[in-house]
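Undergrad: got a structure for you, letters missing:
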């Protein structure tokens with residue numbers, strides 16, 4: 001799917017909502033669906049960068065140590081009686097938690113409580129939304145200012161920056177990996193990571209999370225690959241690049257997982273609990289695991305600074321691509337109105353998305369964030385969009401026809417493996433996950449917290465806000481296009497490609513030879 005999207009964007013030379021509409025006009029709603037998803041993603045993903053900036057600034061607040069290094073640093077503010085930091089040297093029997101009859105397994109580390117009570121000021125649930133956290137609000141403004149500062153001219157003009165964002169995290173991650181693997185309990189964490197739990201294959205959430213995580217991590221379905229592919233030269237070897245990037249992406253996932261679970265093994269060893277019980281999975285995992293390991297590396301503030309700079313790079317890299325995808329899709333769809341005013345339009349959209357992110361920096365913001373993360377640009381909506389995009393390109397336009405397009409670009413015909421994946425395996429896999437999700441449906445939770453019924457309804461409404469564009473536009477097309485039903489349908493599946501100049505030249509050259 002990664003290769004398919006990049007090559008389509010490269011062949012047409014445009015990105016966003018206009019791409020699928022050129023190949024199969026009746027499926028133009030797929031483009032609108034993708035734009036809606038990437039818009040929602042931009043609204044909520046920036047919150048990860050906001051949290052990162054908060055930690056980055058706080059790294060310098062308690063030199064030569066870190067604010068989350070010990071429970072005593074949060075006395076009277078974020079630390080509660082259940083706070084106990086094993087690395088502080090205070091035995092559990094002498095801790096405040098033991099004095100209040102809190103079992104060792106039920107204690108929370110300083111890192112956990114700093115995250116929950118200082119960063120989030122988390123309420124009891126989405127029902128208690130609370131007030132905006134002004135320190136996070138400032139970080140949100142800084143985050144959007146950074147994003148706008150780099151993409152206002154277009155992401156293709158920021159090549160050197162992207163190289164730094166891509167390479168720097170590997171350096172820091174490698175250093176953290178060496179330290180993490182030497183911690184006590186690291187082997188147990190790795191054992192937990194690589195030991196399969198076959199019974200979990202019966203859980204719908206595992207399939208929906210696994211399938212959509214692959215799509216999300218590769219950037220499939222949200223238009224970013226189409227937008228970035230459109231910047232390639234026509235004869236660029238996108239086949240080679242797709243294989244290389246996907247291999248690097250998969251390696252990075254495994255590499256970072258080894259680091260995370262080594263640290264989780266260490267945390268479990270310190271608290272005397274199983275690895276699966278040490279922390280709850282979710283968007284907070286990186287802010288609980290990595291701040292823990294930097295406490296074991298001297299000087300801690302220096303390594304914390306490098307780690308959060310790395311996380312900032314990764315977050316900005318993702319946000320750059322997503323915002324560029326949104327801007328490219330909108331500008332390419334209305335070029336006469338928007339292209340002359342791209343900078344002002346980008347600024348206006350940046351301010352608008354910043355305002356929409358305010359509910360996620362309230363006391364109940366983490367619950368809103370989890371809802372957005374699950375329903376907005378992943379899960380059902382992402383599967384739905386990618387499925388119909390695949391149908392439009394490979395079944396309606398034709399995978400064999402697109403094979404010839406790829407051959408025009410890269411100079412050779414790719415393996416039939418890609419054809420089988422595009423036409424059969426990928427659609428079947430997506431249908432299976434979609435159906436299995438509803439057959440084995442379970443309500444969304446966040447740790448021990450169960451969302452109210454209206455929260456789930458809100459989540460499905462968020463998904464439908466992007467999903468309905470596909471059937472909605474198809475109905476609009478059928479009703480608004482003149483002609484008989486058969487004529488309209490035939491017209492709806494007939495390509496209206498506006499080939500880039502290089503594509504026309506390649507076709508002329510092929511005819512002459």
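TA: Here it is on my side, so go on. Everything quoted here is computed from the prediction, not taken from an experiment. Residues are numbered from 1 along each chain as shown.
Undergrad: Residue 19 contacts residue 31, doesn't it?
TA: Yes. The criterion here is CB atoms under 8 Å, and residue 19 meets it with residue 31 at 6.3 Å. Glycine gets a C-beta too; all of them are placed from N, C-alpha and C.
Undergrad: residues touching residue 245, list them.
TA: By CB atoms under 8 Å, 6 or more residues apart in numbering, the contact list for residue 245 reads residue 2.
Undergrad: Which of the residues in the strand or helix carrying it are classified as buried?
TA: According to DSSP states H and E, residue 245 maps onto helix 238-271. Across helix 238-271, burial judged by 16 or more other CB atoms under 10 Å covers 238-239, 241-242, 245-246, 256, 258-271.
Undergrad: if I look at the most centrally placed residue in the chain, how far off is residue 25?
TA: Among the residues of the chain, the one closest to the centroid is residue 216, at 5.3 Å (CA atoms, centre = their mean). Distance, residue 216 to residue 25, using CB to CB, to the nearest Å: 28 Å.
Undergrad: How about the contacts made by residue 56?
TA: Each residue near residue 56 by CB under 8 Å, 6+ apart is listed here: 305, 308-309, 312.
Undergrad: so which of those is the most crowded?
TA: Most neighbours among the contacts of residue 56, by other CB atoms under 10 Å: residue 308, with 24 neighbours.
Undergrad: Next one: it from residue 46, what distance?
TA: Distance, residue 308 to residue 46, by CB to CB: 16 Å.
Undergrad: What segments of this structure are strands?
TA: 445-446, 449-450 (DSSP state E).
Undergrad: Tell me which helix or strand in this structure has the weakest average pLDDT.
TA: Least confident helix or strand of the chain, by mean pLDDT, DSSP states H and E, is helix 501-512 with a mean of 65.
Undergrad: Please tell me how far residue 446 sits from residue 367.
TA: For residue 446, the distance to residue 367 equals 6 Å [CB to CB].
Undergrad: same question but for residue 112, I mixed them up
TA: Per CB to CB, residue 112 is found 17 Å from residue 367.
Undergrad: go on, residue 431?
TA: Here the criterion is CB to CB. By it, residue 431 lies 31 Å from residue 367.
Undergrad: Compare neighbour counts for the two and give me the winner.
TA: The residue with more neighbours, out of residue 431 and residue 367, is residue 367; 25 against 12, by other CB under 10 Å.
Undergrad: could the strands of the chain go into CSV alongside mean pLDDT and distance to residue 117?
TA: Compiled in CSV, these are given as follows (pLDDT from 0 to 100; distance: least, CB to CB, whole Å):
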stretch, mean pLDDT, distance to residue 117
strand 445-446, 82, 16
strand 449-450, 86, 16
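Undergrad: Residue 357 is nearest to which of the ones you listed?
TA: Closest approach to residue 357 among the strands of the chain (CB to CB): strand 445-446, 18.7 Å.
Undergrad: Mind giving me the packing neighbours of that closest one?
TA: Contacts defined by 3 or more CB pairs under 8 Å, 6 or more residues apart in numbering; DSSP states H and E place strand 445-446 against helix 365-375.
Undergrad: what distance separates the helix it packs on from the centre of its chain?
TA: The chain centre lies 13 Å from the centre of helix 365-375; the measure is CA atoms, centre = their mean, to the nearest Å.
Undergrad: Summarise which helices and strands it is packed against.
TA: On a contact count with 3+ CB pairs under 8 Å, 6+ apart, helix 365-375 meets helix 29-58, strand 445-446, helix 453-467.
Undergrad: how far off helix 365-375 does the first one point, in degrees?
TA: Inter-element angle recorded for helix 29-58 and helix 365-375: 150 degrees (by axes from the mean of the first three to the mean of the last three CA atoms, to 10 degrees).
Undergrad: circling back: right, so of the strands of the chain, which gets closest to residue 36?
TA: The closest of the strands of the chain to residue 36 is strand 445-446. By CB to CB, the value is 24.2 Å.
Undergrad: Can you give the strand pairings for that closest one, parallel or anti for each?
TA: Next to strand 445-446 in the sheet, as set by DSSP bridges, lie strand 449-450 (antiparallel).
Undergrad: follow-up on the earlier one: check contacts around the residue nearest to the centre of the chain.
TA: The contact partners of residue 216, by CB under 8 Å, 6+ apart, come to 377-378, 382.
Undergrad: let's see it at 7 Å
TA: 378, 382 (CB atoms under 7 Å, 6 or more residues apart in numbering).
Undergrad: With the one 3 residues further on instead?
TA: Shown in contact with residue 219 (CB under 7 Å, 6+ apart): 225, 321.
Undergrad: can you give me the helices in the stretch 301-450 of the chain?
TA: Assigned by DSSP state H, counting those that start in this stretch, the stretch 301-450 of the chain shows helices spanning 335-338, 342-356, 365-375, 379-390, 399-410, 416-420, 426-439.
Undergrad: Quick one: low-confidence residue ranges for the stretch 1-150 of the chain.
TA: 15-17, 87-88 (pLDDT under 70).
Undergrad: For it, just list every one of the helices.
TA: Taking DSSP H, counting those that start in this stretch as the test, the helices found in the stretch 1-150 of the chain are 2-12, 18-23, 29-58, 96-99, 110-113, 134-151.
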